[in-house]
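Participant: return atomic coordinates for the entry below.
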Amino acid sequence: MPSTQRYGSGILDIPVASVLPHLAITGTYSGFFVDIPRSLQVDGSGTPTGFGPGVDEFYQDASVSVGLFDRAEVGATLQSFNDDNAGGSMLGAFGRIAILRPTNQGLGLAVGGRYVQAPDFGTATELQPGRLGFPDRRIRSEYTGGLDDVNTELSGYAVATAQFRGFEQDFLPEHDFSASLGYGTGMFQDGEDLSFYNFASSNGWFFGSTISVGLSDNALLHLMGDYNGFDVNLGAQVDVNGFRVGAHMLGMNHGEPAAGYYSQYRSRKFGVLGSVAFCPTQGGLCAPSLMERPEPETVQLPAPPPDTVRITREVPEAMPDGTPGSVCIATGEAVEIRITAQGDTLVGPRRESIADLRPGVVFAGTYAAGASWYEDDESSLTFEDREYGKTDSPQSLDCGSIMRVGEYEGVPLFAMRNADRPFESVFVPVRPGIWHEYQFGLNITRGQ
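Facilitator: Okay, here's the model as predicted:
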């Protein structure tokens, strides 16, 4: 996911259901321009009373966030830290917990919250922070005249995000989609009774979507839009090896202000963003990537009979006998064999010994035997961002109980058919009929 303006990962000004990977850290700087010839003034009831001086300002924000255990994201925000007027800077914190987190495409659910301290203008009036992140003495906790109280310091929310792969067309670059819908309190809905602050409120509902386009192996373009409960925002970000730059337009639904009416909130604003994402588990900056694409299914056809070479072999009338059995090979298929009392392995309709047929016969599939990463007894492999350690001994498996789930270094990986993602164990074919189990976190356990 791209970076929000001031609250970690997300879409411009709304959260999403995904979180940063474990120990990933992002730092974000953003800002937007406000240029209006005069600003609206209000009294204690929130009623406009006249106009004050114009505003020509570039408001700046900064934030830092970190992912924890692939299930949570927490961070801190510093809003309008360049403000030279009364009110000062506003510090805040935010966090989100992923309740449902798909390993690839699918639906995610999360709950979270944002806290921003209220500005202080040195008056007895209790104020509240606004959604644009700058101190504003017009946003008060209470108003006379029957307006609802405003409480935007603490904002809780729940959000669902659907993530799915884009259309597979030759003329289109690889791309992914996401769509988010959520409901929040505080800054997502309070202030709807204030005419200078609100144009059209959704009473707490927010939504947004992204299209992520692959520009190269290490670069993505994010095109995004959101509605934060008050404003329609559009933007784009380019992510190259964890470095992100973006531009956005805020308040696209406000249009031109009515005659004689100006407001920082009810106007269009241009903004910019810069962010960097560091992933210690990857050994450096976070490499952007699209969702995994499923490998095309391969249909293995039997080899055609030779048409230029014919080998004649005399076969005795009585074929050797043996105990029937099967060998599970790296394609996930079972090959019928027979084992003689002398320990020979017989294959084929004529029950011929493998020893007599070598090297002219091989079993289908790719195996790990002889690979340097497998021969190391302390080796481990990484699959779907999880590290799996090598168990002590190889074993035999029934093809009917396993399924292929991916590959590592060209060798297919299998898991039990009744296992759920993320898998606790994966199996590597070493040679026909022999498999080695790798368990999640085994190397870490040995190190302890």
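Participant: now do the strands in the stretch 51-200 of the chain.
Facilitator: Per DSSP state E, counting those that start in this stretch, the stretch 51-200 of the chain carries strands over the ranges 72-79, 90-100, 106-116, 154-165, 175-184.
Participant: partner strands of the first one and their direction?
Facilitator: Using DSSP bridges, the neighbouring strands of strand 72-79 in the sheet come out as strand 48-68 (antiparallel), strand 90-100 (antiparallel).
Participant: ranking those by burial, who's on top?
Facilitator: With neighbours defined as mean count of other C-beta atoms under 10 Å, the strands paired with strand 72-79 peak in mean count at strand 90-100, which reaches a mean of 19. For every residue, glycine as well, the C-beta is placed using N, CA and C.
Participant: CA atoms of that strand as CSV?
Facilitator: This file holds the C-alpha atoms of strand 90-100, laid out as CSV (Å, rounded to 0.1, in the frame of the first residue of the first chain):
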residue,chain,number,x,y,z
MET,A,90,0.2,19.2,17.2
LEU,A,91,1.6,15.8,18.1
GLY,A,92,-0.2,12.6,17.7
ALA,A,93,-0.1,8.8,17.6
PHE,A,94,-1.9,6.2,15.5
GLY,A,95,-2.2,2.4,15.4
ARG,A,96,-4.0,-0.4,13.6
ILE,A,97,-4.5,-4.1,14.1
ALA,A,98,-5.2,-6.5,11.2
ILE,A,99,-7.9,-8.9,12.3
LEU,A,100,-8.1,-10.7,8.9
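Participant: so what's Gly92 up against?
Facilitator: Gly92 sits next to 6, 76-79, 114-117, 129 when contact means C-beta atoms under 8 Å, 6 or more residues apart in numbering.
Participant: hmm, which of those residues are the buried ones?
Facilitator: Neighbour counting by 16 or more other C-beta atoms under 10 Å classes 6, 77-79, 114-116, 129 among the contacts of Gly92 as buried.
Participant: sorry, back to before: adding distance to Gly365 and mean pLDDT, write the strands of the stretch 51-200 of the chain out as TSV.
Facilitator: Shown next, in TSV, are these (distance: least, C-beta to C-beta, whole Å; pLDDT from 0 to 100):
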stretch	distance to Gly365	mean pLDDT
strand 72-79	41	96
strand 90-100	36	95
strand 106-116	30	95
strand 154-165	28	94
strand 175-184	31	94
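Participant: reformat these as CSV; add distance to Met224.
Facilitator: Supplementary listing: the strands of the stretch 51-200 of the chain in CSV, determined by distance: least, C-beta to C-beta, whole Å:
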stretch, distance to Met224
strand 72-79, 18
strand 90-100, 18
strand 106-116, 17
strand 154-165, 12
strand 175-184, 9
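Participant: pLDDT-wise, which helix or strand of this structure ranks last?
Facilitator: helix 442-447 (a mean of 54; mean pLDDT, DSSP states H and E).
Participant: one step back: would you mind saying which of the strands of the stretch 51-200 of the chain lies nearest Gly441?
Facilitator: Shortest separation from Gly441 across the strands of the stretch 51-200 of the chain is recorded for strand 72-79, at 18.9 Å, computed as C-beta to C-beta.
Participant: quick one: contacts of the closest one?
Facilitator: With C-beta under 8 Å, 6+ apart as the criterion, strand 72-79 contacts 6-9, 19-20, 61-68, 89-98, 116, 129, 133-134.
Participant: quick one: low-confidence parts of the stretch 251-400 of the chain?
Facilitator: Low-confidence segments of the stretch 251-400 of the chain, defined by pLDDT under 70: 256-262, 295-299, 301, 303-321, 341-345, 348-361.
Participant: which residues of it fall in strands?
Facilitator: Remark: strands assigned in the stretch 251-400 of the chain by DSSP E, counting those that start in this stretch are 269-279, 284-285, 323-328, 334-339, 345-347, 352-353, 380-383, 386-390.
Participant: show me the contacts for Phe188.
Facilitator: 155, 157, 204-206, 228-229.
Participant: against Ile329, how distant is it?
Facilitator: 56 Å (C-beta to C-beta, to the nearest Å).
Participant: go on, Ser195?
Facilitator: Distance, Ser195 to Ile329, by C-beta to C-beta: 73 Å.
Participant: neighbour-wise, which of the two wins?
Facilitator: Neighbours per residue (other C-beta atoms under 10 Å) separate Ser195 from Ile329, with Ile329 holding more: 18 against 14.
Participant: one step back: can you list the contacts of Phe188 in CSV and add neighbour count, distance to Ser289 and secondary structure?
Facilitator: Listed next are those as CSV, based on neighbours: other C-beta atoms under 10 Å; distance: C-beta to C-beta, whole Å; DSSP: H, G, I helix; E, B strand; the rest coil:
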residue, neighbour count, distance to Ser289, secondary structure
Ser155, 26, 31, strand
Tyr157, 21, 27, strand
Gly204, 18, 34, coil
Trp205, 15, 31, strand
Phe206, 23, 27, strand
Asn228, 21, 28, coil
Gly229, 27, 31, coil
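Participant: now the helices for the stretch 151-300 of the chain?
Facilitator: Taking DSSP state H, counting those that start in this stretch, the stretch 151-300 of the chain contains no helices at all.
Participant: and the buried ones among the contacts of Gly92, which is closest to Ser45?
Facilitator: The shortest gap between Ser45 and any of the buried ones among the contacts of Gly92 belongs to Pro129, at 20.8 Å (C-beta to C-beta).
Participant: pretty sure the closest one is touching Ala118, no?
Facilitator: Yes. Counting by C-beta atoms under 8 Å, Ala118 is a contact partner of Pro129 at 5.7 Å.
Participant: and for these two, which residues touch both?
Facilitator: 90, 153.
Participant: how far does stretch 143-158 sit from its chain's centre?
Facilitator: 32 Å (C-alpha atoms, centre = their mean, to the nearest Å).
Participant: ditto for stretch 427-436
Facilitator: Stretch 427-436 sits 32 Å away from the centroid of its parent chain (C-alpha atoms, centre = their mean).
Participant: can you give me the end-to-end span of that stretch?
Facilitator: 6 Å (C-alpha to C-alpha, to the nearest Å).
Participant: what is the mean pLDDT for it?
Facilitator: If you average the pLDDT over stretch 427-436, you get 90.
Participant: quick one: contacts of it?
Facilitator: 327-330, 335, 363, 365-369, 374, 381, 390-391, 394-397, 402, 408, 411-415, 437-438.
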